[in-house]
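1. My questions concern the predicted model and sequence given below.
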Amino acid sequence: MNKINLLLVEDDRAILDNLVPFLQNEGFSVETAGTQREALEKMTSGSYDLALLDVSLPDGNGFAVCSAIKANTDMAVMFLTASSDEYSTVTGLDMGADDYLAKPFRPRELVSRIRSVLRRCGKSKSVLEIGGVRVDTERAVVTKYGKEIFLSALEYRLLLVLLGNKGAVLTRERLLEEIWDVAGDYVNDNTLTVYIKRLRDKIEDDPQEPTIIRTVRGLGYRVG
């Protein structure tokens, strides 16, 4: 699966140090720019699916970057800013921004909003595949060797998280957080074990010797 390319335009080093690795762990490719000039240079020399723009920049503002992006590319734009006033919000949206998220925000909310924007703009990678298993995220349909597999909401969410982070080791704590988001209530460690087993029973050729969802002892699980 090709990664979604993000351009993060932000001059706050503390935000960059925390947000960049988080987005990378979520399966995104991230490049950064700290000024309006650098953002415009990267916009013309690189290829990105979505730009995350701060409004206030040392040598200008995110509105100018948004205007240039919308005039010259089909890149999606989301504003990330501490400005919560109505004027900034309306200005960004009137310039063609696809979404607007005020700081401080929860990283998982940001990821959800990014994926929502990408779906609306037709830039999301809608088909995920591994080991004969195919997930059509537009229709929420999972098949194995062409035959449909029926998953519960939590099993489906687990599979999406694992496939979306192919090659990365995901801790049990991380996966528990993802299940909790879907279930809407507390989910314990034993529940995760049960759902991993159920998912393996449905997608693995031999659930006793899994080749898709691999256990990394002492750490968690990895796909691919």
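-> Perfect, thanks for sending it.

2. Which secondary structure element is home to M78?
-> In this structure, M78 sits in strand 76-81 according to DSSP states H and E.

3. Tell me which residues are up against that strand.
-> For strand 76-81, the surrounding residues in contact (CB atoms under 8 Å, 6 or more residues apart in numbering) are 10, 49-56, 62, 66, 69-70, 88, 92, 96-103, 105, 110, 113-114, 117-118, 121, 123. Glycine gets a C-beta too; all of them are placed from N, C-alpha and C.

4. can you tell me which of these are in strands?
-> Counting by DSSP state E, the contacts of strand 76-81 place 50-53, 56, 99-102 in strands.

5. Which two among those residues are spaced furthest apart?
-> Spatial extent of these (CB to CB) is set by the pair L50 and S56 at 19.9 Å.

6. quick one: which of the two has more around it?
-> L50 (24 against 14; other CB atoms under 10 Å).

7. Show me which helix or strand of this structure is least confident by mean pLDDT.
-> helix 172-183 (a mean of 74; mean pLDDT, DSSP states H and E).

8. from the chain's centre, how far out does whatever helix or strand comes next after that one sit?
-> Counting by DSSP H and E, the next helix or strand C-terminal to helix 172-183 is helix 189-203. Computed by CA atoms, centre = their mean, to the nearest Å, the chain-centroid distance of helix 189-203 equals 23 Å.
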